[in-house]
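Undergrad: return atomic coordinates for the entry below.
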Amino acid sequence: MGISALFTSFLTTRLPSKRLWFAAWIGEAIVAFAIGLFTLVQKAKAVQSPLLYGPGRKFWLSLLPPMFAGAILTLFLYQFSFYDIMPGMWLIMYGVAVMTGGAFSVNVVPIMGVSFMALGTAALFSPWEWSNVYMGIGFGAMQIAFGAVIARRYGG
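TA: Purely as a prediction, here's the structure:
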């Protein structure tokens with residue numbers, strides 16, 4: 001997920017409009033969701049844990065509400081072409097989703113969520129021109145770094 005986000009952050013610096021920027025990042029979100037879902041299913045199979053019961057159920061019930069709220073806010077912001085707010089809002093909402101979804105996980109996951117929230121807050125108060133940097137750091141570099149820590153210390 002982090003690698004595709006880094007690619008998208010590099011690609012979107014060259015797009016001629018914010019509307020195309022938005023479309024590229026929505027495409028990235030779909031790709032990232034597919035990658036995340038695939039890896040989640042593979043891990044659940046490997047540890048023989050159901051995705052919709054027990055810990056899997058708690059994870060989904062904690063993760064999905066902030067993700068849904070982020071999607072609704074995205075539609076609202078898109079309707080009024082408030083593209084400048086989207087990077088910060090996406091990073092914050094993803095951070096909230098990771099933090100709540102990771103509440104039943106290892107300690108580093110909620111820390112990851114707080115890190116995304118802090119980065120998103122900085123993005124909200126920064127010029128639009130820095131948006132791709134924030135998106136690349138958050139959804140790219142931070143995703144890779146935290147993923148590496150989780151894989152190394154906790155087996156993925």
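Undergrad: give the buried residues for the helix ranked longest in the chain.
TA: Ranked by residue count, the top helix of the chain under DSSP state H comes out as helix 18-46. Using 16 or more other Cβ atoms under 10 Å as the test for burial, helix 18-46 gives 18, 21-22, 25, 28-29, 32. Yep, even glycine has a C-beta here, placed from its N, CA and C like the rest.
Undergrad: can you pull out the strands in this protein?
TA: For the chain, applying DSSP state E gives no strands.
Undergrad: if I look at the residue nearest to the spatial centre of it, how far off is Ser126?
TA: With distances taken as Cα atoms, centre = their mean, the residue of the chain nearest its centroid is Tyr94 (4.6 Å). As defined by Cβ to Cβ, to the nearest Å, Tyr94 lies at a distance of 17 Å from Ser126.
Undergrad: show me where this structure dips below the pLDDT cut-off.
TA: Under the criterion pLDDT under 70, the flagged ranges of the chain are 156.
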